[in-house]
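K.L.:
Sequence plus predicted model, see below.
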Amino acid sequence: MAKELIDQWEHGGEKLALAIRGLTSEDLTCFEEYPETDSHIIFSFITVDDYVFGTTRPVFLILLAAVGFVLLIACVNVSGLLLARATERTKEIGLRAALGASRARLIRQLITESLVLSVIGGAAGILLAAWSVRVFGSLIPETIPRGDEIKIDAEVFVYALVISVVAGLIFGLAPALFATRLDLNEVMKDGAGGKIAGLRSRRVRGFFLILEIGLTLVLLSGAGLLVNSSLRLNHAPLGFNPENALSMFITLPPQKYREERQWATFRRELADRISSIPGVTHAGTSNSILLHGADPRMPFKLTGLTDVDQDYSAVIRTIDGDLFEAMGMTVLRGRRFTSGDSINATNVAIVNESFARKFFPGKDPIGQRIYIDNEIQVIGLVNDVRNKSLAQPPEPAFYVFPEVLPYFSFCLVVRTSSNPLQIAAAVKDQLRLMDKDEPIEFIGTMPQIVAESGAETRFYLLMLSAFGLLALILTAIGIYGMMSYVVAQRTHEVGIRMALGARRIDVIKLIVSHGLFLTAIGIIAGVVASLWLTKFMAGLLYGVTPTDPGTLISVVAALSIIAFAACYLPARRATKVDPMTALRSE
């Protein structure tokens, strides 16, 4: 097996990721038998799952956690409402107990009511999910593995049903246990039961509110970090100019083009032909596909710097034609390749800024030498380019002619003086003139490539932001519902205070301060939790740390404003009640 892989990939660059099931350690030793083929190849072996889902798995785990947080917030909300309802039914439950109903029977009744609500909610959620998949399915980027297979099937239905039942049981149990813990002598007294239960349930409702606010803050912090990261990423320097540029990816069939010199000749001739098209200002080729998530690496030695040469590695990009001009890159020092350099194509190289900083710190890179199969002189320095993805910083890279590392796949970049799509047909015609059977694997404008590269990040950002917004709405509803219930319970107290001369502003302060006190505790708990949990998002962020104070302050401020509004509205409504009416209600 190993020899077959080497035969297939012996011309395929420096790094090979093999996603092959059943490859054993015995197979790996076979590579050592062919030093002539693997002298410039570093093999890394990964599982099929890591190959397919490796880059997306962390994001999906974060989205799954976000879904869990929203579910918890909703369940805490409903549990608080059930607790309030159970408090209102204290006398009813006490009467049932006095007539002989056991506590277990009462608990079963209350949990059954909770299960009915959860199953109805789960069914509504399934319908909403089915609608969402149809509406938002078109937004799923093609780069997400198996994104086209997302659908609501029997497995999803059973999973949702199980989650609904479990949530109904767990979050219906606390109100049921609380409501059935009664002193019948006190409950059966006229009006006393509601007061006693109300006092006992206040702390429980307060705990639910604190938990809900803390969960919401953690979720909003994660969404805020991704929003901040996305904004910074949109303004990150690309290192190239995507405007008025066209890109095309071509793979020469090895069965037809068997010799390495044919690959380099084809690339060079194609770039020359494309450059002659009216409207084309520059054209060049590269072995590296722009923003495609992969860059081949090459081991090399630095000569003349130490007594004993040390092995290094960096990204290698084989280029031809006017690639730098076509990409809109800048030669900062030295010079670019010329037609005269192609005579000694394996003896010259151009490095980027990252390469110069890492391997020639404090020195002029021009004139320095590296060694691969032979000594190569650095003749130029170009700016860094984000080539693997928008989110990944530029890596140390050096540019050489295709003869240094021949490969039958390459990318053609064309810069035009106007809309590049207008010359796309002419570019295809020139390719067919060279080989009428040569297929084009991809053709598109550079702005399109840049947009598609960020599509996956934008989709994840949209999903997490939607979950964060939903959590914020649920929290606002929860705070408003709890404060409305508190105000209703304290109607008699409010009437007495206003009858004794309390001003409306004093009553509002009294009610709002209680809600904001619980909110402050929830925010503190949420901040502590978010500082710990958001560190798992570090690999998904760009230009911002998981503990970014600006993001955290913004989230706290937004949640505080929502909480204040949710507390103020019921308090303001309470002050409009006529004191005499409030007193008579008791």
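P.N.:
Looks like it came in fine. Numbers count the residues shown, from 1 in each chain.

K.L.:
Could you verify that Leu412 is part of a helix?
P.N.:
No - with DSSP: H, G, I helix; E, B strand; the rest coil as the criterion, Leu412 is assigned strand and is not in a helix.

K.L.:
ok, how many other residues are close to it?
P.N.:
Around Leu412 there are 25 other residues, counting by other C-beta atoms under 10 Å. All C-beta spots, glycine's among them, are computed from the backbone N, C-alpha and C.

K.L.:
For it, give me its contacts.
P.N.:
Taking C-beta atoms under 8 Å, 6 or more residues apart in numbering, we find Leu412 in contact with 247-250, 270-271, 274, 283-285, 427.

K.L.:
what bridges to it?
P.N.:
Leu412 has these beta-bridge partners by DSSP bridges: Met248, Thr285.

K.L.:
which residue sits closest to Leu323, ignoring its sequence neighbours?
P.N.:
Ranked by C-beta to C-beta, 6 or more residues apart in numbering and with sequence neighbours excluded, the top spatial neighbour of Leu323 is Gly284, at 2.9 Å.

K.L.:
hang on, that neighbour packs against Pro402?
P.N.:
No - at 11.3 Å, Gly284 does not count as touching Pro402 under the criterion of C-beta atoms under 8 Å.

K.L.:
Which neighbours do these two have in common?
P.N.:
When C-beta under 8 Å, 6+ apart defines a contact, the residues bordering Gly284 and Pro402 alike are 319-320.

K.L.:
coming back round to it: now the contacts of Leu412: which count as buried?
P.N.:
Among those, those classed as buried by 16 or more other C-beta atoms under 10 Å are 247-250, 270-271, 274, 283-285, 427.

K.L.:
mind giving me the domain split of this structure?
P.N.:
Taking automatic domain parsing as the criterion, the chain consists of the domains 2-53, 57-235+455-584, 253-437.

K.L.:
who wins for proximity to Met446 among the ones you listed?
P.N.:
Closest approach to Met446 among the domains of the chain (C-beta to C-beta): domain 253-437, 7.2 Å.

K.L.:
Need the distance between the two termini of the closest one.
P.N.:
Taking C-alpha to C-alpha, to the nearest Å as the measure, domain 253-437 stretches 10 Å from start to finish.

K.L.:
What of stretch 142-151?
P.N.:
Taking C-alpha to C-alpha, stretch 142-151 runs 15 Å from one end to the other.

K.L.:
Repeat that for stretch 361-368.
P.N.:
Stretch 361-368 stretches 12 Å from its first residue to its last (C-alpha to C-alpha).

K.L.:
Name the residues of it that are buried.
P.N.:
The neighbour-count criterion (16+ other C-beta under 10 Å) identifies 365-366, 368 as the buried residues of stretch 361-368.

K.L.:
again, but for stretch 366-375
P.N.:
The neighbour-count criterion (16+ other C-beta under 10 Å) identifies 366, 368, 370, 372 as the buried residues of stretch 366-375.

K.L.:
Show the residue spans covered by the helices in the stretch 401-550 of the chain.
P.N.:
Under the criterion DSSP state H, counting those that start in this stretch, helices of the stretch 401-550 of the chain are mapped to 424-434, 446-453, 455-489, 491-499, 504-533, 549-574.

K.L.:
May I see the domains of the chain arranged in CSV, with distance to Asn241 and mean pLDDT as well?
P.N.:
Rendered in CSV, the data for those read as follows (distance: least, C-beta to C-beta, whole Å; pLDDT from 0 to 100):
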stretch, distance to Asn241, mean pLDDT
domain 2-53, 26, 47
domain 57-235+455-584, 15, 79
domain 253-437, 3, 85
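
K.L.:
how about these, which one is nearest Gln448?
P.N.:
Nearest to Gln448, of all the domains of the chain, is domain 253-437, at 9.5 Å by C-beta to C-beta.

K.L.:
neighbours of Asp384, just the number please.
P.N.:
21.

K.L.:
Nearest spatial neighbour of it, chain-adjacent residues omitted?
P.N.:
Sequence neighbours aside, Pro394 is the residue nearest to Asp384 in space, at 3.5 Å (criterion: C-beta to C-beta, 6+ apart).

K.L.:
do Ser164 as well
P.N.:
Counting by C-beta to C-beta, 6+ apart, Ser164 lies nearest to Gly122, which is 3.0 Å off, once chain neighbours are set aside.

K.L.:
Just say helix, strand or coil for that neighbour.
P.N.:
For Gly122, the assignment made with three-state DSSP gives helix.

K.L.:
Would you agree it is in contact with Tyr159?
P.N.:
No - when contacts are counted by C-beta under 8 Å, Gly122 is not listed as touching Tyr159 (10.1 Å).

K.L.:
Neighbour count for these two, which is higher?
P.N.:
More neighbours sit around Gly122 than around the other of Gly122 and Tyr159, counting by other C-beta under 10 Å; the figures are 19 against 11.

K.L.:
Next one: the spatially closest residue to Ala314 that is not a sequence neighbour relative to Leu128, how far apart?
P.N.:
Nearest-residue entry for Ala314: Pro396, 4.3 Å, with adjacent residues in sequence omitted and distances by C-beta to C-beta, 6+ apart. Here Pro396 is placed at a distance of 49 Å from Leu128 (C-beta to C-beta, to the nearest Å).

K.L.:
Give me the more crowded residue out of those two.
P.N.:
In this view Pro396 and Leu128 are compared by other C-beta under 10 Å, and Pro396 has more residues nearby, 19 against 10.

K.L.:
Let me see the ranges of the strands in this protein.
P.N.:
Counting by DSSP state E, the chain forms strands over residues 15-18, 42-45, 245-251, 280-286, 297-302, 311-321, 331-334, 348-352, 369-371, 375-382, 397-400, 409-416, 440-445, given from the N-terminal end onward.

K.L.:
how about Pro394, phi and psi?
P.N.:
For Pro394, the backbone dihedrals (degrees, to the nearest 10) come out as phi -60, psi 140.

K.L.:
Now that it has come up, it's in contact with Lys358, right?
P.N.:
No - applying C-beta under 8 Å, one finds Pro394 not in contact with Lys358, separated by 11.1 Å.

K.L.:
residues near Phe207, how many?
P.N.:
Counted by other C-beta under 10 Å, the residues lying close to Phe207 total 16.
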